[in-house]
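just the structure for this:
(one chain, ligands or ions: 2)
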Amino acid sequence: MYPVNIESVTPGMKLGVPIRDANENILLNRNIVITDRYINRLKNLGYQSVIVLDDEDTADLIAEDNISEHTRSVIRAKLKNSFELSEKMIKEFKDESIKEIFKNIRSDKFKKNFNKIKIYENLQGVIGQLIEQVLSNDVLNGLNSLKTYDNYTYNHSIDVVITSVMLGKKLGFSVSMLDELALGCIMHDIGKIFIDRKILNKQNKLTPEEFEKIKEHPTLGHEIMAERRILASHVTYQHHERQDGKGYPRGLIGNNRVKREPEIGIMSIFGEISAIADVHDAMISDRVYRRGFPPDIVIKFLINSAGVHLNRELLNKFLKFTPMYPVGYKIQILNGGYKDYFGVVAKINSENLNRPIIRILYDHDKEKIEPKEIDLSKEKDIEIKCIKD
Ligand SMILES: [Fe+2]
Ligand SMILES: [Fe+2]
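Ligands and ions are numbered 1, 2, ... in the order given. As a prediction, this is how the structure comes out:
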């Protein structure tokens, strides 16, 4: 069970996770046999990949989400509702100058009306369920959810919460701190409601003016959320800041430590946690303008960003629960007697996260072979990489 490019999905494959429409009604159930008609439907919904149960050699490998499909669906619906209500409230002035927008959202009238949406209150209960589910996991599945044009921000926000809560757990946060962190993460991109969808989903390089506009989303988001949850809103404000001070909107810096006193001009731990979760999810996920990168490439990229972009100590903690080769993902062997054989990741070794048990299924001529499992924690010289079709 692994993500397959929609162009490579063939009739007869079975769906690995249910597909829902924009109103969260189930359109296609898990286990359903995919037909040409369904493939077209999935394309129309904007799926660039889907999770399929391929054949009996891999059907036992379930790439589980870290939260239940039901919880994800409930949060997505509530988030959509909150975003749409907020969007309505800013409709009249969203295309004006930044100065005008700030003037509007700082007015008492706006604040009073905005508070009526009760965003945090509506999400609190189900976020509590999410936290409980994440706390019962030791390892992230490392795949993250499949996203479309319509649900990108909602699924992205949920994935950022999951990763951040896992990090908070490793730091020994109390339940109320985890709550605060999760509420901040779920709303971290709320400021994007002020930015034109055309800019957010642009396929080509952004113009300097467009990028300047995008860079306003943390400040705008912070402005409308901060009043009720000061700590949570640090996430909204700081998730694009960097350790080297080259992030936005304020150019805060970090000291690459986990334990330290809060200081002016230095990123808060909430900001640093969300920065890692945000970059990881943004890279691994399909976007309108490109497909997601394979998980091993993303992890290597994050390692290279340590100390410069991401808090080094914190990233080391993240790497201890996020596997480079998630269960069910296709891999290729790069050296040794099985060079250029293909297979899948069969089991994560929690003692040695990046040396999983793999199951080889095809030889170097792509001929099917009798499945054979290899424990990479024992076969230390074998190198593999994730592959996408
Ligand atoms: Fe953002
Ligand atoms: Fe984000």
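
right, and the helix or strand after the host helix or strand of Ile158?
Assigning secondary structure by DSSP states H and E places Ile158 in helix 152-170. Proceeding N to C from helix 152-170, the next assigned helix or strand is helix 175-186, under DSSP H and E.

what about that following helix, distance to the chain center?
16 Å (CA atoms, centre = their mean, to the nearest Å).

what average pLDDT does it get?
Helix 175-186 carries an average pLDDT of 96.

likewise for stretch 20-40?
Stretch 20-40 carries an average pLDDT of 91.

got the buried residues for that stretch?
Residues of stretch 20-40 classed as buried: Arg20, Leu28, Ile34, Tyr38, Ile39 (neighbour count, 16 or more other CB atoms under 10 Å). For glycine as for every other residue, the C-beta is placed from the backbone atoms N, C-alpha and C.

shouldn't the fourth one be within a strand?
No - when the secondary structure is assigned by DSSP: H, G, I helix; E, B strand; the rest coil, Tyr38 falls in helix instead of a strand.

so what's it closest to, chain neighbours aside?
Nearest residue to Tyr38, sequence neighbours excluded (CB to CB, 6 or more residues apart in numbering): Leu28, at 6.1 Å.

surely Ile360 and Gln332 touch.
No - Ile360 is beyond contact range of Gln332, at 9.9 Å (criterion: CB atoms under 8 Å).

which one of those two has more residues nearby?
Using other CB atoms under 10 Å as the criterion, Ile360 and Gln332 rank with Ile360 on top: 21 against 18.

could you list the low-confidence segments of this structure?
1, 54 (pLDDT under 70).

in it, which spans are strands?
Secondary structure of the chain by DSSP state E: the strands cover 2-5, 14-15, 19-20, 26-28, 49-53, 330-333, 342-347, 357-362, 368-375, 384-386.

report whether stretch 191-209 contacts ligand 2.
No - on the criterion CB under 5 Å from the ion, stretch 191-209 is out of touch with ligand 2, staying 8.2 Å away.

how about that stretch: buried residues?
In stretch 191-209, counting by 16+ other CB under 10 Å, buried: Gly191, Lys192, Ile193, Phe194, Ile195, Leu200.

ok, stretch 333-340 next?
For stretch 333-340, burial by neighbour count (16+ other CB under 10 Å) applies to Ile333, Tyr338.

could I get the CA-only coordinates of it as PDB?
What follows is stretch 333-340 as a C-alpha-only set of coordinates in PDB (Å, rounded to 0.1, in the frame of the first residue of the first chain):
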ATOM      1  CA  ILE A 333      18.300  -1.300  -3.900                       C
ATOM      2  CA  LEU A 334      21.300   0.700  -5.000                       C
ATOM      3  CA  ASN A 335      24.300  -1.700  -4.500                       C
ATOM      4  CA  GLY A 336      25.400  -5.300  -3.700                       C
ATOM      5  CA  GLY A 337      24.000  -8.500  -5.000                       C
ATOM      6  CA  TYR A 338      20.500  -7.100  -5.200                       C
ATOM      7  CA  LYS A 339      21.500  -4.000  -7.000                       C
ATOM      8  CA  ASP A 340      18.600  -2.500  -9.000                       C
END
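
returning to what we had before: list the contacts of the residue nearest to Tyr38.
With contacts defined as CB atoms under 8 Å, 6 or more residues apart in numbering, Leu28 is in contact with Leu15, Pro18, Ile19, Tyr38, Arg41, Leu42.

and of those, the nearest to ligand 2?
The closest of the contacts of Leu28 to ligand 2 turns out to be Ile19 (CB to the ion; 23.4 Å).

so what's the closest one closest to, chain neighbours aside?
Among residues not flanking Ile19 along the chain, Leu28 sits closest, at 4.4 Å (CB to CB, 6+ apart).

over to Ser233?
In space, Ser233 is closest to Ala226, 4.1 Å off (CB to CB, 6+ apart).

picking up where we left off before, so among the contacts of Leu28, which ones count as buried?
For these, buried by 16+ other CB under 10 Å: Leu15, Pro18, Ile19, Tyr38, Arg41, Leu42.

from those, which are also near ligand 2?
Among those, ligand 2 is touched by none when using CB under 5 Å from the ion.

which ones are touching the residue nearest to Ser233?
Residues near Ala226 by CB under 8 Å, 6+ apart: Ser233, Thr236, Tyr237.
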